[in-house]
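Chemist: Following is a predicted model, sequence given first.
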Amino acid sequence: MNAVEIEEAISRLAEQPFIPAEFPYAFLEAFGNKATTINRLKSGDSNKTDLKDAVLQKNNIHIATCSAGEVTEMLEKLRNSPATSRQKAKFILATDGQEFQAEDITSGETVVCTYQDFPDHFGFFLPLAGISTVKQISENAFDIRATSRLNRLYVELLKDNPDWGSAHHRPDMNHFMARLIFCFFAEDTDIFNGTGLFTDTIAQMSAKDSSNTHEVIGEIFRAMNTKIEDRAAAKLPRWADAFPYVNGGLFSGSTETPRFSKIARSYLLHVGSLDWKKINPDIFGSMIQAVAEDEERGALGMHYTSVPNILKVLNPLFLDDLRAKLEEAGDNSRTLLNLRKRLARIRVFDPACGSGNFLVIAYKEMRAIEAEINKRRGEADLHTEIPLTNFRGIELRDFPAEIARLALIIAEYQCDVLYRGQKLALMEFLPLDTQNWITCGNALRLDWLSVCPSTGTEVKLYSDDLFNTPLEQAQIDFENEGGETYICGNPPYIGTKYQSKKHKDDITYVFRNEDINFGNIDYIGCWLLLASKSINSYANGRFAFVSTSSLFQGEQAEIILYILKRHKLKIAWAHSSFMWSNNAANNAGVTCCIVGCENEGANSRKYIYENEIKRAVDNIGPYLVPMSDLVVTKRQTPLSAVSSMIYGSMSNDNGEFTIVETEYKKSIAKNPKNIEIIKRSMGGAEFIRGILRYALYIDEHTHLSDNQLNEFSLIFDRVQKYREASTREATKKLSKLPMYFAERRHVEARKIFVPQVLSENREFITAGFLDESVLVIAPHMQIIKGNMHEFSFLSSKLHHVWVSTVCGRLKTDIRYSSLLGWNTFPLPTLTEKNKADLTRCAEDILLAREAHFPATIADLYDPGNMPENLRHAHERNDEVLERIYIGRRFKNDTERLEKLFELYTKMTAKPKLAAENK
């Protein structure tokens, strides 16, 4: 269950009659416990409590109901219960159906409220459902509740008005929802002259059978689009005349409203009963966006970008500097005034803005700085000089674009209330500005400088259907000329394997004039290129994006370095890789990084952020570690003193040479000499999962007897026909030798097997030794006669982090390349003692594996179930190898990469000429 589903279940529970004996089980069921789990608790099999009428779920919660007025005493009993600590309960909860109290045992945080209000605190209990929640979701439970109610209403309306769910009519439905959100907010914040006007009017003026609900809402919307001086001519109903003129395009155009069933009307009134003063536009936009996205509704309320993550982008981009300048200014009135003028000229541009999270946070943070300036200058009531139209965005879909603009409008009003008071905020809120500064369109096909230009003139935005604006809008000038421009956001990643034709067409269009092979670029690379091309048009500009780490690994790092060099930019700061996960249960998240770039002429310090630590460095390379601006390139021979790694043999046979175990046994029994030409074959699945497979392998040195020719003639015929049918000339030529593998690299010698694709979930590269006769199948690799200390390097954290950085990925897994991974791996010179020590480490890893026979590599390297002796053997191997590099263990992967790139740079540097050395 996701957070929204849990909130709905909890709300239903609070609305039902309180039955003490059933409450604990109903509560646990609301958090996703299955019927079998509940039945086991009811029977007592898994109820670990030591208190009467209580329920204790091990590692989870201890719940008890009690008589009226005894809740505090019961919570104390739960807290002191030996079973609570013995069974490691995370929460305790007591209620009498009137009062509700709970406590988080670990943090000591508590909830005390009336029974009816406990759903307001559902975020407190989300860990019970396996949801590792962030602080925002607990503090902003209202946003989840409002999203939940709106989702119910949305689904019900589509059920009653199926045509409104069509592609043609869906924008109207989404626009209708945006209007409702504004009305709910406005009626609870005195914008509508008092509270509850919108909901109360619908309750009073629409029939209880819902037959005219749509007509009442339509008249209200028409009133809010009619100026006061035009009302008499408009002949509005008297009850609708109470609504103010809103303008802003929000209520312009059609007032057509979907028809309501009795259930839908009930949902509407229920939504209106919520306290919309609590709306948080930081995250609400992304949540409500999911309401309108069929494919996202299953994870409703999960896809917002948390405020701390947004600030990881905005703080180093420009907010940290503004706060530092505020600190320096102290109470100097003139310096504070100059800083306020600077704030008023700053432009923030998100070319993939979604529902506006980044823009809203930037606006609110800047308003907080401005408010402090005004306070120090004794001008607390002063109207803001930061215009909303300086916060520009592009969004592909119309509904998120509408919500982005609405979120900014709400944020502005909330900031005015917070910093200037309700009275002044209300005086200046209506009518809304009709200007549209959020553009609906494909950011990869629009001219960014037409949306966010370098000057305040010649601004023309293009919109598809945003607040019913025309396709080509009137020009919108920036207010307060001559400021800084910051491009930021979290664009769609979409790796090459997941790109549709439309995505690939966009990439081709964006890179059409770039002299580089961009075939494997992630979709987000387009945003980085366009930002690089745009940023130098601004007098003071920088950009920062959230990106998948893969954009700064493997071949893509070379593309990024090319882009930055061509457009004379440098990486100014970076957050090294971290998990950008949402709040869904058991969500592994995405490995992301954040990169900020600026003009190479800027003399600012360079910083790398690792968690909360900020470290100054001389330069940040394309792999986001302290290094020079270089990329690792393929080598045909090893850089270090190691054996050669080559591909296995490639069959090009349509599977015809593969022989299953039963056929293999029959063939050997019939002709024992076949053991020489039918070999155990090893690919990735065979090695990792222990699958037994064989292949018919014949090369130039094989002499086949007549019996063997007869036995395998049908296989040769099928291979010949398959190769002849190929459209590739090289494959057609191979049809003349149908008994041979296409590429033959087998050697009768012990070898190290290296799988080409390495699971992102495994912490180590799972190489292994194979017997002499085993045949390695390409594209997997082998080191013929490889030795133990080479196996030690392959199995190390150092090599894993090197390969995952320089080789790139296949989907989300690491794609091993001998030319990029093995041949470039920088090793210090090893003494014989070093080799002996590493050999012992390698032997210990292999012995630890053997100790768990018949467990497969997949079993042994399951991150959650890795045997302790195997993990210890790897830890020892890492320690021995890392001490050879720096005399101690590395602190983290960033330090590992930093040392490896330092050594790589030294080992690949061209020797200076004698004349240069003088």
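Modeler: Looks like it came in fine. Numbering: from 1, shown residues only.
Chemist: residue boundaries of the strands in the stretch 351-500 of the chain?
Modeler: Secondary structure of the stretch 351-500 of the chain (DSSP state E, counting those that start in this stretch): strands at 391-395, 438-440, 485-489.
Chemist: How about the contacts made by the nearest residue to Phe391 once chain neighbours are set aside?
Modeler: Residue nearest to Phe391 in three dimensions, not counting chain neighbours: Leu359, with 4.4 Å by C-beta to C-beta, 6 or more residues apart in numbering. Where you see a C-beta, it was placed from the backbone N, CA and C, and this is true even at glycine. Contact analysis of Leu359 by C-beta atoms under 8 Å, 6 or more residues apart in numbering lists Val348, Asp350, Cys353, Phe391, Arg392, Gly393, Ala404, Ala407, Leu408.
Chemist: same deal with Lys277?
Modeler: Going by C-beta under 8 Å, 6+ apart, Lys277 touches Asp188, Thr189.
Chemist: Confirm that it sits in a helix.
Modeler: Yes: membership of Lys277 in a helix is supported by DSSP: H, G, I helix; E, B strand; the rest coil.
Chemist: Dump the strands of the stretch 351-500 of the chain to a markdown table, plus mean pLDDT, mean neighbour count and distance to Ile571.
Modeler: What follows is those, written out as a markdown table (pLDDT from 0 to 100; neighbours: other C-beta atoms under 10 Å; distance: least, C-beta to C-beta, whole Å):
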| stretch | mean pLDDT | mean neighbour count | distance to Ile571 |
| --- | --- | --- | --- |
| strand 391-395 | 93 | 27 | 24 |
| strand 438-440 | 88 | 27 | 28 |
| strand 485-489 | 96 | 26 | 15 |
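Chemist: among these, which is nearest Thr49?
Modeler: strand 485-489 (50.2 Å; C-beta to C-beta).
Chemist: What's the first helix or strand after the closest one?
Modeler: Sequence order places helix 501-510 as the next helix or strand after strand 485-489, per DSSP states H and E.
Chemist: The very next helix or strand once past that following helix - what's its average pLDDT?
Modeler: Sequence-wise, the next helix or strand downstream of helix 501-510 (DSSP H and E) is helix 525-535. Mean pLDDT, helix 525-535: 95.
Chemist: Return the list of helices and strands in contact with whatever helix or strand comes next after helix 525-535.
Modeler: Using DSSP H and E, the next helix or strand after helix 525-535 towards the C-terminus is strand 541-548. For strand 541-548, the packing partners by 3 or more C-beta pairs under 8 Å, 6 or more residues apart in numbering; DSSP states H and E come out as helix 307-314, strand 485-489, helix 525-535, strand 569-580, strand 590-599.
Chemist: For Glu219, state which of the contacts of Leu359 is nearest.
Modeler: In terms of C-beta to C-beta, no member of those lies closer to Glu219 than Ala407, at 26.9 Å.
Chemist: tell me, how many neighbours does that closest one end up with?
Modeler: When neighbours are defined as other C-beta atoms under 10 Å, Ala407 has 29 of them.
Chemist: who's sitting farthest from the centroid in this structure?
Modeler: Distance from the centre of the chain peaks at Asp706, with 61.4 Å (C-alpha atoms, centre = their mean).
Chemist: Nearest to Asp172, out of the strands of the stretch 351-500 of the chain?
Modeler: Each of the strands of the stretch 351-500 of the chain has some distance to Asp172 by C-beta to C-beta; the shortest is strand 438-440, at 14.7 Å.
Chemist: does Ile361 really touch Val313, like I thought?
Modeler: No: assessed by C-beta atoms under 8 Å, Ile361 is found out of contact with Val313, at 9.1 Å.
Chemist: Who is the closest residue to Phe543 other than its chain neighbours paired with across the strands?
Modeler: Among residues not flanking Phe543 along the chain, Ile487 sits closest, at 3.7 Å (C-beta to C-beta, 6+ apart). Note on Ile487: beta-bridge partners by DSSP bridges are Phe349, Phe543.
Chemist: Check Ser649 too.
Modeler: Assessed by DSSP bridges, Ser649 has beta-bridge partners Ile777.
Chemist: when you give positions from now on, start the count at 567
Modeler: That works, and once the first residue is 567, the last one we named lands at Ser1215.
Chemist: contacting residues around it?
Modeler: Tyr1263, Phe1307, Glu1309, Arg1310, Arg1311, His1312, Leu1341, Val1342, Ile1343, Ala1344.
Chemist: Could you dump those into JSON lines and include neighbour count, pLDDT and distance to Leu1386?
Modeler: Formatted as JSON lines, the contacts of Ser1215 follow (neighbours: other C-beta atoms under 10 Å; pLDDT from 0 to 100; distance: C-beta to C-beta, whole Å):
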{"residue": "Tyr1263", "neighbour count": "22", "pLDDT": "95", "distance to Leu1386": "28"}
{"residue": "Phe1307", "neighbour count": "25", "pLDDT": "94", "distance to Leu1386": "25"}
{"residue": "Glu1309", "neighbour count": "13", "pLDDT": "94", "distance to Leu1386": "20"}
{"residue": "Arg1310", "neighbour count": "17", "pLDDT": "95", "distance to Leu1386": "24"}
{"residue": "Arg1311", "neighbour count": "17", "pLDDT": "95", "distance to Leu1386": "19"}
{"residue": "His1312", "neighbour count": "22", "pLDDT": "96", "distance to Leu1386": "24"}
{"residue": "Leu1341", "neighbour count": "25", "pLDDT": "97", "distance to Leu1386": "25"}
{"residue": "Val1342", "neighbour count": "27", "pLDDT": "97", "distance to Leu1386": "19"}
{"residue": "Ile1343", "neighbour count": "25", "pLDDT": "96", "distance to Leu1386": "21"}
{"residue": "Ala1344", "neighbour count": "19", "pLDDT": "94", "distance to Leu1386": "16"}
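Chemist: Which of those residues fall within strands?
Modeler: Applying DSSP state E to the contacts of Ser1215, the entries found in strands are Leu1341, Val1342.
Chemist: Closest to Ala596 out of the contacts of Ser1215?
Modeler: Ile1343 (51.8 Å).
Chemist: Tell me how far that closest one lies from Glu1227.
Modeler: According to C-beta to C-beta, to the nearest Å, Ile1343 and Glu1227 sit 16 Å apart.
Chemist: Now do stretch 1059-1077: distance from first to last residue.
Modeler: Distance across stretch 1059-1077, first residue to last, is 16 Å (C-alpha to C-alpha, to the nearest Å).
Chemist: what does stretch 1383-1391 give?
Modeler: Distance across stretch 1383-1391, first residue to last, is 11 Å (C-alpha to C-alpha).
Chemist: For that stretch, list every residue counted as buried.
Modeler: Going by neighbour count (16 or more other C-beta atoms under 10 Å), the buried part of stretch 1383-1391 is Ser1383, Ser1384, Leu1386, Gly1387, Trp1388, Asn1389, Thr1390, Phe1391.
Chemist: Quick check: longest helix in this protein by residues?
Modeler: helix 964-986 (DSSP state H).
Chemist: Export it to PDB, keeping only CA atoms.
Modeler: Listed next in PDB are the C-alpha coordinates belonging to helix 964-986 (Å, rounded to 0.1, in the frame of the first residue of the first chain):
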ATOM      1  CA  ASP A 964      -0.800  20.900 -19.800                       C
ATOM      2  CA  PHE A 965      -2.100  19.900 -16.300                       C
ATOM      3  CA  PRO A 966       1.200  20.000 -14.500                       C
ATOM      4  CA  ALA A 967       1.900  23.300 -16.100                       C
ATOM      5  CA  GLU A 968      -1.400  24.700 -14.800                       C
ATOM      6  CA  ILE A 969      -0.600  23.300 -11.300                       C
ATOM      7  CA  ALA A 970       2.900  24.800 -11.400                       C
ATOM      8  CA  ARG A 971       1.400  28.300 -12.000                       C
ATOM      9  CA  LEU A 972      -1.300  27.700  -9.400                       C
ATOM     10  CA  ALA A 973       1.300  26.500  -6.900                       C
ATOM     11  CA  LEU A 974       3.400  29.700  -7.400                       C
ATOM     12  CA  ILE A 975       0.300  31.800  -6.900                       C
ATOM     13  CA  ILE A 976      -0.600  30.000  -3.700                       C
ATOM     14  CA  ALA A 977       3.100  30.200  -2.500                       C
ATOM     15  CA  GLU A 978       3.000  34.000  -3.100                       C
ATOM     16  CA  TYR A 979      -0.100  34.400  -1.100                       C
ATOM     17  CA  GLN A 980       1.200  32.300   1.800                       C
ATOM     18  CA  CYS A 981       4.400  34.200   1.900                       C
ATOM     19  CA  ASP A 982       2.500  37.500   2.000                       C
ATOM     20  CA  VAL A 983       0.400  36.200   4.900                       C
ATOM     21  CA  LEU A 984       3.600  35.000   6.700                       C
ATOM     22  CA  TYR A 985       5.700  38.100   6.200                       C
ATOM     23  CA  ARG A 986       3.200  40.900   5.800                       C
END
